[in-house]
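[1] structure for the following, please:
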Amino acid sequence: MTVVGTRPVPRALAPDPRLFVNREDELELIEREITSSLASRQVGVVVLTGLPGVGKTTLATRCAHLVEDLFPDGALTADLGSSSESVTVDDVLFLFLSQLGVEKPSPSSQGLRAQFRTVTADLALLLVLDDVESAAQLTNLLPSSSRSTVIATSRKRSEGFSRQRYTVVEVPPFSVASSVELLSVDLSAGPTPAELRSMEALVELCGRLPLALSIAGAQLGNRHAGRPADYLSQLRTARSVLKTLTEDGRPVVEAVFEVSYQDLPERAQRAYRLLSLHPGDRFRADAAHALLGENGDAELESLIVANLLTRVRHDRYEVHSLVRQHAAGLAEQTEHPDDADAAVERVIEWYLEFVAARQLTISDRPRFGDRFNGRVAPAYTGEGAWTKAIADLEAERTNLRRVARAAADLELHALTWQLSEALATFYFQRDLCGDAITVHTLGLTAATVVHARTGDARPVLRMRAELGTAYFGLEDDEAATEQFEAAAALAAELPESGEVLFTREKLLQWKSFVHQRRGEADAAVDAIDQARAFLDHPAFPENDRARERALLDLNGGPMLAEVGRTEDAVSRGRAAVAYFGAGKEQHNRAKALANLGRSLGLAAPEHLDEAERTLRDAIRWFDELGMLFWEADSSAVLADLLDRTGRHEEAFALRGRADELKTILDDRKAGSS
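    Sure, this is the predicted structure:
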């Protein structure tokens with residue numbers, strides 16, 4: 001501390017951090033806010049908030065050192081929070097007044113506040129307040145001079161800070177690049193490409209949380225001799241990454257979460273524990289309510305304020321991976337296993353109804369299971385319904401795969417196969433073959449158990465058919481045929497109910513696709529004709545006849561054209577376009593146009609102009625719907641047509657687009673495996 005005249009000038013900042021990575025954007029924002037408040041002659045207040053362990057204190061200290069010279073009358077600092085002793089506003093005011101040269105601070109709260117306002121009235125001070133509890137607490141510690149600034153950190157995302165018009169800076173976890181930089185700062189040499197891949201996986205396991213990364217960096221250097229692959233192997237096999245991130249045996253990261261947890265109301269603590277049972281890190285509000293067994297909006301809001309839950313949009317939340325591990329450990333200690341299983345079952349049932357409602361929106365194809373017997377209504381109707389439903393399912397895609405696994409792990413066999421059944425159309429439309437194989441395999445296992453217990457073979461029939469479809473999408477014709485033939489053999493043994501006949505007809509359609517891909521045009525047409533014969537069976541579901549006839553027209557047209565029956569192909573193609581053009585199944589409308597265009601291209605030369613127009617319309621629809629396989633396929637068909645008419649440059653560009661789409665599609669399939 002220096003002295004100016006008779007007045008001491010305190011310099012009480014904590015040391016500048018010895019290691020500081022990233023935060024350029026935040027530093028720039030904070031410095032800009034400080035200089036702006038000084039120019040406008042008002043007390044500047046910047047509050048840093050974010051996850052426990054995200055580095056708020058380090059950032060505040062670093063920024064304070066960068067701007068300290070703007071405050072010639074000194075810098076003061078106080079920790080109001082996580083020490084073992086309770087620190088009050090009066091304690092801090094007493095400390096600050098003493099450092100500012102007041103020999104006898106007032107013994108009363110009112111007197112301390114009055115003294116602080118008087119003493120700071122003409123001073124240019126910088127205050128750093130760590131772990132502020134609320135806007136009210138912070139307001140009582142503001143200096144009265146407009147030449148002063150306060151940088152505060154808070155574990156809370158309090159609306160009071162915004163109401164007081166304080167500048168609130170959300171401090172996020174690090175980027176992957178900055179995380180790797182922090183993790184590798186003590187290594188003697190830069191990582192090799194293989195080490196870099198291991199380090200990128202390590203930082204994700206640490207949730208890119210600076211506190212976790214700093215501990216992981218020390219462990220990497222001290223315990224694993226700077227070998228990231230060895231450390232990665234340890235963390236991947238650890239029951240809890242969180243409990244592995246210790247310093248001299250102390251659970252440092254876990255401790256910062258525990259402080260925030262203990263501050264929660266009892267009902268919010270329960271919500272915190274139960275949310276860890278959700279299969280994914282991101283979820284909708286309705287899914288959270290299902291887990292909690294009630295509308296828990298108040299509890300969710302408490303978790304948001306405590307920075308233990310993040311709102312990523314108005315109805316969607318995210319739990320940080322390490323926070324989730326902390327909550328899961330508490331749930332294991334606190335929740336009765338039966339209660340925990342019941343909570344997971346509630347959320348699985350919620351997801352089943354969620355998917356079923358969107359399946360009913362995007363397709364008229366009949367699905368089996370009690371959710372499709374009038375129990376669930378379509379999620380959306382009218383214009384834009386298909387797009388909304390697909391967007392919902394895409395947003396939940398990772399969760400849906402994990403929910404299916406959770407259902408299988410809990411041996412909820414009926415829910416497992418029905419979830420698989422409900423997802424089939426979505427997976428097929430979006431070319432998510434890897435996801436489909438994973439989920440339908442779980443569904444088949446569950447359906448087999450149901451069959452053994454109840455004697456009902458229909459779930460097995462459905463799961464084999466859908467698993468075969470998924471393998472067909474991956475172009476594994478051998479595996480697809482194996483499932484189709486097993487399903488057909490089973491169906492032949494069952495009574496001729498509507499469900500069984502419908503499935504047998506579908507299996508013949510898929511058999512025709514395999515023949516078509518193998519270039520066996522006559523066999524493909526024969527299979528389509530056999531499928532069509534099922535529509536005349538008295539037991540075939542009456543409500544499904546028209547749609548199935550239109551699908552046979554849609555799919556069979558190009559097969560007929562390949563064997564020279566072009567008039568039949570075009571006629572049936574036009575019928576399919578008319579049927580699906582008037583319905584909600586946008587994917588089938590686009591496919592009907594594409595197959596009609598293909599058939600027209602194989603017909604008489606006078607149809608070529610119409611073929612081109614129809615294919616261009618189909619490509620436009622596929623682009624809007626995100627149907628990559630079909631857009632690529634139709635682009636290649638149109639390119640061949642353009643080559644035939646001498647427009648080679650256009651054809652070359654279209655083939656390039658088709659190749660680009662196939663690459664994207666291959667990456668998507670690999671990513672979903």
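[2] lowest confidence element among the helices and strands of the chain?
    Taking mean pLDDT, DSSP states H and E as the measure, strand 2-4 is the helix or strand of the chain with the lowest mean score, a mean of 46.
[3] Leu642 belongs to a helix?
    Yes. Using DSSP: H, G, I helix; E, B strand; the rest coil, the secondary structure at Leu642 is a helix.
[4] give me the three-state assignment for Val47.
    Put simply, Val47 is strand when judged by three-state DSSP.
[5] quickly note the distance from it to Val150.
    For Val47, the distance to Val150 equals 9 Å [Cβ to Cβ, to the nearest Å]. Every residue, glycine included, has its C-beta placed from N, CA and C.
[6] hey, where'd the helices end up in the stretch 451-600 of the chain?
    Listed in chain order, the helices of the stretch 451-600 of the chain (DSSP state H, counting those that start in this stretch) span 458-473, 477-493, 498-517, 521-534, 545-562, 566-581, 586-602.
[7] tell me what angle the last one forms with helix 566-581.
    Using axes from the mean of the first three to the mean of the last three Cα atoms, to 10 degrees, one finds that helix 586-602 and helix 566-581 are set 160 degrees apart in direction.
[8] which SSE is immediately downstream of helix 586-602?
    Sequence-wise, the next helix or strand beyond helix 586-602 is helix 608-625, with elements assigned using DSSP states H and E.
[9] would you map out the domains in the chain?
    For the chain, automatic domain parsing gives the domain ranges 2-170, 176-237, 254-335, 605-671.
[10] can I get these in CSV with distance to Leu596 and mean neighbour count?
    Rendered in CSV, the data for those read as follows (distance: least, Cβ to Cβ, whole Å; neighbours: other Cβ atoms under 10 Å):
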stretch, distance to Leu596, mean neighbour count
domain 2-170, 53, 18
domain 176-237, 47, 18
domain 254-335, 39, 19
domain 605-671, 5, 17
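[11] hang on, the earlier thing: overlap in contacts of Val47 and Val150?
    In terms of Cβ atoms under 8 Å, 6 or more residues apart in numbering, Val47 and Val150 are both contacted by the residues Leu138.
[12] what's the spacing between Val256 and Phe174?
    16 Å.
[13] nope, Phe161 is what I meant
    Distance, Phe161 to Phe174, using Cβ to Cβ: 24 Å.
[14] just to revisit the earlier point, so which of the helices of the stretch 451-600 of the chain comes closest to Thr139?
    Each of the helices of the stretch 451-600 of the chain has some distance to Thr139 by Cβ to Cβ; the shortest is helix 586-602, at 55.6 Å.
[15] so that closest one versus helix 608-625, what angle?
    Taking the same axes, to 10 degrees, one finds that helix 586-602 is oriented at 160 degrees with respect to helix 608-625.
[16] now the angle from helix 586-602 to helix 545-562?
    What separates the directions of helix 586-602 and helix 545-562 is an angle of 30 degrees, with the same axes, to 10 degrees.
[17] tell me what helix 586-602 is packed against?
    Where contact means 3 or more Cβ pairs under 8 Å, 6 or more residues apart in numbering; DSSP states H and E, helix 586-602 is packed against helix 545-562, helix 566-581, helix 608-625, helix 628-644.
[18] would you put the C-alpha positions of it in CSV?
    The C-alpha coordinates for helix 586-602 follow below in CSV (Å, rounded to 0.1, in the frame of the first residue of the first chain):
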residue,chain,number,x,y,z
GLN,A,586,-43.8,-34.5,-48.7
HIS,A,587,-41.1,-37.1,-48.9
ASN,A,588,-43.3,-39.4,-51.1
ARG,A,589,-44.5,-36.5,-53.2
ALA,A,590,-40.9,-35.7,-54.1
LYS,A,591,-40.0,-39.4,-54.7
ALA,A,592,-43.1,-39.8,-56.9
LEU,A,593,-41.9,-36.9,-59.0
ALA,A,594,-38.4,-38.3,-59.2
ASN,A,595,-39.6,-41.8,-60.3
LEU,A,596,-42.0,-40.3,-62.8
GLY,A,597,-39.2,-38.2,-64.3
ARG,A,598,-37.0,-41.4,-64.5
SER,A,599,-39.8,-43.3,-66.3
LEU,A,600,-40.5,-40.4,-68.7
GLY,A,601,-36.8,-40.3,-69.5
LEU,A,602,-36.9,-44.0,-70.6
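[19] what are the buried residues along stretch 463-482?
    By neighbour count, with 16 or more other Cβ atoms under 10 Å as the criterion, the buried positions of stretch 463-482 are 463-474, 477, 479-481.
[20] chain neighbours aside, what residue packs nearest to Lys388?
    Beyond its immediate neighbours in the sequence, the residue positioned closest to Lys388 (Cβ to Cβ, 6 or more residues apart in numbering) is Tyr380, lying 4.9 Å away.
[21] what number of residues lie near the one you found?
    19 (other Cβ atoms under 10 Å).
[22] and it, which helix or strand is it part of?
    Assigning secondary structure by DSSP H and E places Tyr380 outside every helix and strand.
[23] also Val168?
    When elements are defined using DSSP H and E, Val168 is found to belong to strand 167-170.
[24] tell me where the model's unsure across the stretch 151-300 of the chain.
    Judged against pLDDT under 70, the low-scoring parts of the stretch 151-300 of the chain cover residues 188.
[25] try 90
    Low-confidence segments of the stretch 151-300 of the chain, defined by pLDDT under 90, are located at 158-159, 183-195, 220-228, 239, 248-249.
[26] quick one, strands of the stretch 301-450 of the chain?
    Using DSSP state E, counting those that start in this stretch, the strands assigned to the stretch 301-450 of the chain run over residues 310-313, 316-318.
[27] closest to Gln234 among the buried residues of stretch 463-482?
    Gln234 lies nearest to Leu474 out of the buried residues of stretch 463-482, by Cβ to Cβ, at 34.4 Å.
[28] which of the strands of the stretch 301-450 of the chain has the lowest mean pLDDT?
    Confidence, taken as mean pLDDT, is least for strand 310-313 of those (a mean of 91).
[29] for that strand, the distance to its chain's centre please.
    When C-alpha coordinates are averaged (Cα atoms, centre = their mean, to the nearest Å), strand 310-313 and its chain have centres 11 Å apart.
[30] torsion angles phi and psi at Asp130?
    Torsion angles at Asp130 (phi, psi; degrees, to the nearest 10) stand at phi -100, psi 130.
[31] mind checking pLDDT for it?
    At Asp130, the predicted lDDT confidence score is 95.
[32] try the one 5 residues further on
    Taken from the predicted model, the pLDDT recorded for Ala135 is 93.
[33] low-confidence regions, the stretch 301-450 of the chain specifically.
    Using pLDDT under 90 as the threshold, the predicted model of the stretch 301-450 of the chain has low-confidence ranges 313-315, 364-375, 383, 429-431.
[34] can you rerun that using 70?
    In the stretch 301-450 of the chain there are no weaker segments when pLDDT under 70 is taken as the threshold.
[35] what packs against the strand holding Val168?
    Using 3+ Cβ pairs under 8 Å, 6+ apart, the elements in contact with strand 167-170 are helix 24-39, strand 44-49.
[36] just the CA trace of that strand, in CSV.
    What follows is strand 167-170, C-alpha atoms only, in CSV (Å, rounded to 0.1, in the frame of the first residue of the first chain):
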residue,chain,number,x,y,z
THR,A,167,-23.2,-5.4,-17.3
VAL,A,168,-23.5,-9.2,-17.1
VAL,A,169,-20.9,-11.2,-18.9
GLU,A,170,-21.6,-14.9,-19.4
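[37] that older thread, mind putting the helices and strands packed on strand 167-170 into CSV with distance to Leu242 and mean pLDDT?
    Formatted as CSV, these follow (distance: least, Cβ to Cβ, whole Å; pLDDT from 0 to 100):
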stretch, distance to Leu242, mean pLDDT
helix 24-39, 25, 93
strand 44-49, 22, 96
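[38] if we can go back for a sec, dump the domains of the chain to a markdown table, plus distance to Thr246.
    What follows is these, written out as a markdown table (distance: least, Cβ to Cβ, whole Å):
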| stretch | distance to Thr246 |
| --- | --- |
| domain 2-170 | 14 |
| domain 176-237 | 7 |
| domain 254-335 | 8 |
| domain 605-671 | 34 |
